[in-house]
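Novice: Next comes the sequence, and after it the predicted model I'd like to discuss.
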Amino acid sequence: MAKYGKKASQKVKRAMRERKRGTLRSGRSRKKVTSRRQAITIRLSKAHQSGAKVPRKKSSTKRKKK
């Protein structure tokens with residue numbers, strides 16, 4: 001079973017090309033994305049919003065104080 005859907009992997013592939021060209025931008029400030037990890041994260045979140053098969057983000061569990 002694949003972790004990500006076909007549409008999600010296509011979006012990530014496109015993000016990598018954009019990052020290499022220097023056209024991928026992020027956030028309100030529209031700063032240029034240089035990090036590979038950040039490019040993947042941006043596209044996966046966009047893919048998830050558009051309804052592609054992307055697993056949910058793992059939520060962190062806080063430890064209880066004794």
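Specialist: Nice, thanks for sending it over. This is a predicted model, so every value here is computed, not measured.

Novice: The residue nearest in space to the middle of the chain and S26, how far apart?
Specialist: The chain has T41 as the residue nearest its centroid, 2.1 Å off, counting by C-alpha atoms, centre = their mean. From T41 over to S26 the distance is 9 Å, taken as C-beta to C-beta, to the nearest Å. Placement of C-beta: from N, CA and C, glycine included.

Novice: Same question for L44.
Specialist: Taking C-beta to C-beta, one finds L44 at 13 Å from S26.

Novice: Between the two, tell me which one has more neighbours.
Specialist: L44 (20 against 14; other C-beta atoms under 10 Å).

Novice: so that one makes contact with V54?
Specialist: Yes. Counting by C-beta atoms under 8 Å, V54 is a contact partner of L44 at 5.5 Å.

Novice: what do those two both touch?
Specialist: 4, 8 (C-beta atoms under 8 Å, 6 or more residues apart in numbering).

Novice: and the longest helix anywhere in the chain, what does it pack onto?
Specialist: Longest helix in the chain by number of residues (criterion: DSSP state H): helix 6-21. Helices and strands touching helix 6-21, by 3 or more C-beta pairs under 8 Å, 6 or more residues apart in numbering; DSSP states H and E, are helix 36-49.

Novice: send the alpha carbons of the helix it packs on over as CSV?
Specialist: Output of helix 36-49 as CSV, limited to C-alpha atoms (Å, rounded to 0.1, in the frame of the first residue of the first chain):
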residue,chain,number,x,y,z
ARG,A,36,14.1,20.7,-0.1
ARG,A,37,12.1,19.6,3.0
GLN,A,38,10.1,22.9,3.1
ALA,A,39,9.2,22.5,-0.6
ILE,A,40,7.9,18.9,0.0
THR,A,41,5.9,20.1,3.0
ILE,A,42,4.3,23.0,1.1
ARG,A,43,3.2,20.8,-1.7
LEU,A,44,1.9,18.0,0.5
SER,A,45,-0.3,20.4,2.4
LYS,A,46,-1.6,21.8,-0.9
ALA,A,47,-2.3,18.3,-2.1
HIS,A,48,-4.1,17.5,1.1
GLN,A,49,-6.3,20.6,0.7
